[in-house]
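*Asks:* have a look at this prediction, sequence included:
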Number of protein chains: 2
Amino acid sequence: MTEKLSDTARTTMIEPLLKDGWSMVDGRDAITKDFKFSDFADALGWMVRAGVWAEKWNHHPEWSNVYNTVTVTLTTHDVDGLSTLDAKLARKMDILAS
Amino acid sequence: MTEKLSDTARTTMIEPLLKDGWSMVDGRDAITKDFKFSDFADALGWMVRAGVWAEKWNHHPEWSNVYNTVTVTLTTHDVDGLSTLDAKLARKMDILAS
């Protein structure tokens, strides 16, 4: 069962993400990051690869794309805030973009 | 050379789109539509197919996805408004979603 992150889990799972370009969303228990790619095709290719993992984990991002930029917001609606799934998907997105 | 749509072209190219679920964006010479799919995988698959045409025509949408919904905005930055490319891509997106 997915649960909202405890304070301890936030320290170990979310704080490292905040050092890697993720930031908290104003007024929401959610994290966001702008991913920049070389062009549109590269951005869309990354969305497909990240999307396959999102689907596999049944945990889907809110994301938008304009040309070479993809802006991602992650939160877990079932718990009305951040869960381990968000940290896991954020880290996978970083790896796929690196 | 891409040019901003004339009044006549708006009547023939944009008005039919406005009858098919597209609408004008407030304060911008742009059109927008929410596309609904059965689920995330279906939405992402459509984005890939539409994205291939966008890339082929070198005309890219602003779009966002949350689960089974993709919200698209089309405009042509080079002409600061709607061009034939927007009408062409909008129609292709409709066909790919139908």
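*Replies:* Nice, thanks for sending it over.
*Asks:* chain A against chain B: which residues are in contact?
*Replies:* A:40-41, A:44, A:47-48, A:51, A:54-55, A:60-67 (C-beta under 8 Å from any C-beta of the partner chain). In this view, the C-beta of every residue, glycine as well, is placed from N, C-alpha and C.
*Asks:* the same query, at a cut-off of 7 Å, please.
*Replies:* A:40-41, A:44, A:48, A:51, A:54-55, A:60, A:62-67 (C-beta under 7 Å from any C-beta of the partner chain).
*Asks:* just the buried residues of the strand or helix carrying A:Trp63, please?
*Replies:* For A:Trp63, the element it lies in under DSSP states H and E is strand A:62-66. Judged by neighbour count using 16 or more other C-beta atoms under 10 Å in any protein chain shown, the buried positions of strand A:62-66 are A:62-65.
*Asks:* ok, the closest residue to chain B within chain A - contacts?
*Replies:* The nearest approach of chain A to chain B comes at A:Ser64, 3.5 Å away (C-beta to the nearest C-beta). Counting by C-beta atoms under 7 Å, 6 or more residues apart in numbering or on different chains, A:Ser64 makes contact with A:71, B:63-64.
*Asks:* if we can go back for a sec, distance between the strand holding A:Trp63 and the chain's centre?
*Replies:* Relative to the chain's own centre, strand A:62-66 is displaced by 12 Å; criterion: C-alpha atoms, centre = their mean, to the nearest Å.
*Asks:* re earlier: measure the residue of chain A closest to chain B to A:Leu96 for me?
*Replies:* From A:Ser64 over to A:Leu96 the distance is 17 Å, taken as C-beta to C-beta, to the nearest Å.
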